[in-house]
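**Student:** sharing a model that was predicted from the sequence below.
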Amino acid sequence: MRNFKESHDGVIVVAMLCSVLCWVWARQIWKKHIRRSVLPTNWPVVGMLPGLLQNAGRIHNYLTEFLRQCGGTFEFKGPWFANMDMLMTCDPANVNHILCRNFDNYPKGPGFRKIFHVLGDGMINVDSELWELHRKTTPPLMNHANFRNSLERNVWQKMENGLFPVLDHYAQQGTHIDLQEIFKKMSLDISCQQFLDKDPGSLCVDPTSDHPILKAIRDGGNAILYRHILPERCWKLQKYYGIDREKKLTQADRTFDDFIYPIIEERTEQLNNKTQQQPHDSSGMLTSHIETHRGKSMQFLRDTFTTFILAGVDTTASALTWFFLLLGQNPQVEVKILHDILQLKQDKKVFKVEECQKLTYLHAAFCESLRLFPPVPLNHKTPMEKDILPSGHVVTPKTKIIMPFYSMGRMDTVWGEDCMEFKPERWISPDGGIKRQPSYKFPAFNAGPRTCIGRDMTFTMVKMIAATIICHYQFQLVEPHYSEVLITESILLEKKHGLKVKFIKRK
């Protein structure tokens, strides 16, 4: 009996030791797995939502990490009760299929209109007849010589009367400035002047001044991003009770109304009475749209111009902000751009469009900046009918497809092993011109029939502004070093905490 007990105790000890060793071994394997894998865990009931919410503050970099690990396409499983399953893909073949080759099967749809309801019947938000109506009206006006000439004039005047006084003031003071906010105010003033014939005058020396529209754009972008992530029931509940981000989005919607409606009403009244105190160019955007859409409601015009302003303000400011951040981190690129500028022997204070077209390396540097930091970092689609993507994934009308353009620019399978480096040279062709890339590989301006119609306007603005600043000022980044670039929680790609810079006038 004693021998049996001793034997039994020995078995228990051995079993306990084995259990401890197995636990230690499993823990080590789990730690290695965690270090090796960034893919979100698919938990019972809640799916992968906890991992997504845990990384909500760095959502774009988080998506990039696991898309790189799984080859560019990933099936995200949401809570079983939330209808939140998503297919995330930055595979160029899939993007080409969705945005170009099978375009008709991927309209904006009611889901997109719900998320972007603030844009109403604006061009970005609609399909079919309304979209065709916008395409017949807006692109011809934006391609008109009068539009291009007025854009050049508006940019020139805003730099002369707004940007230079601000930069000169801070250069004399020797203090830093938030360049991202400067670019936002400048883009707002130029866009409003270009589309509404109204300069809000937000760009001034006072750093505390903030136009209500800029706050509305910030709050709206944050809420719209979370509408992509959260279950529809959650954000609709927030909207119903008027809390959190949805409350701010409702207030932003009201701000757009309060700003744009009076301008449209005033111009409409002037056109109806034919008693304008100042003549307005009949080819101007505001006048042309009012006269073209006589049968449309005031709401339609409001939605149209809200879309123009939103598309023109933060996208341009974002492009300029990330460009100057990369330039500050890569001074050798600035040296090459400055060399090309000096070769032009430009005596005037502001660069014109024709002169900027000769700055090939500047154009290449902007393309490279847009590759790494596209102002609109993701697109959202849902198929009308069941489809099979080139990657082999099956999508249905219940599938929400997210295309993270930010992640695509960081895929070594798309851009090579040096994809994380800022190299404008990758855009220079052997003959010294700009190397063209297909839009589905470089979707900074979207791709296919819905390619951004403001592409040329954006390049005109950013090159004129950047060339003029680089020609007249030296600048130095003044900000702490982070292990990764911090990005705000917004549908538009903004730098968190702004871009702090010190300027010195060149002699």
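**Tutor:** Right, received. Where do you want to start?
**Student:** tell me which helix or strand the closest residue to Met285 other than its chain neighbours sits in.
**Tutor:** The spatially closest residue to Met285, leaving aside those adjacent along the chain, is Phe195, at 4.8 Å (Cβ to Cβ, 6 or more residues apart in numbering). Heads up, the C-betas are built off the backbone N, CA and C, glycines and all. Using DSSP states H and E, Phe195 sits within helix 179-196.
**Student:** low pLDDT regions in the stretch 51-200 of the chain?
**Tutor:** For the stretch 51-200 of the chain, no stretch has pLDDT under 70.
**Student:** do a quick rundown of the helices in it.
**Tutor:** 59-69, 92-96, 109-115, 128-142, 145-158, 164-173, 179-196 (DSSP state H, counting those that start in this stretch).
**Student:** dump the second one to PDB, restricted to CA.
**Tutor:** As requested, the backbone C-alpha atoms of helix 92-96 are provided in PDB (Å, rounded to 0.1, in the frame of the first residue of the first chain):
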ATOM      1  CA  PRO A  92      -3.500  46.800 -57.300                       C
ATOM      2  CA  ALA A  93      -5.200  44.000 -59.300                       C
ATOM      3  CA  ASN A  94      -8.200  44.100 -57.000                       C
ATOM      4  CA  VAL A  95      -8.200  48.000 -57.000                       C
ATOM      5  CA  ASN A  96      -8.100  48.000 -60.800                       C
END
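**Student:** need the contact partners of it.
**Tutor:** Here helix 92-96 makes contact (Cβ atoms under 8 Å, 6 or more residues apart in numbering) with 72-73, 89, 389-391, 393, 403, 408, 414, 438, 440-441, 443, 447.
**Student:** list the buried residues of that helix.
**Tutor:** Pro92, Ala93, Asn94, Val95, Asn96 (16 or more other Cβ atoms under 10 Å).
**Student:** so what secondary structure elements neighbour the helix holding Phe195?
**Tutor:** For helix 179-196, the packing partners by 3 or more Cβ pairs under 8 Å, 6 or more residues apart in numbering; DSSP states H and E come out as helix 145-158, helix 212-229, helix 285-292, helix 298-329, helix 455-472.
**Student:** turn the ones you listed into CSV, columns for distance to Leu493.
**Tutor:** Formatted as CSV, the helices and strands packed on helix 179-196 follow (distance: least, Cβ to Cβ, whole Å):
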stretch, distance to Leu493
helix 145-158, 22
helix 212-229, 10
helix 285-292, 26
helix 298-329, 5
helix 455-472, 14
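**Student:** which one of those has the poorest average confidence?
**Tutor:** Out of the helices and strands packed on helix 179-196, helix 212-229 stands lowest, with a mean of 83 (criterion: mean pLDDT).
**Student:** got the buried residues for that helix?
**Tutor:** Here helix 212-229 shows 212-214, 216-227, 229 as buried, counting by 16+ other Cβ under 10 Å.
**Student:** a markdown table for the helices of the stretch 51-200 of the chain, including distance to Met298?
**Tutor:** Output for the helices of the stretch 51-200 of the chain, formatted as a markdown table (distance: least, Cβ to Cβ, whole Å):
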| stretch | distance to Met298 |
| --- | --- |
| helix 59-69 | 37 |
| helix 92-96 | 37 |
| helix 109-115 | 20 |
| helix 128-142 | 16 |
| helix 145-158 | 23 |
| helix 164-173 | 35 |
| helix 179-196 | 14 |
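**Student:** nearest to Gly328, of those helices?
**Tutor:** helix 179-196 (9.6 Å; Cβ to Cβ).
**Student:** and that closest one, how far out from the chain middle?
**Tutor:** 16 Å (Cα atoms, centre = their mean, to the nearest Å).
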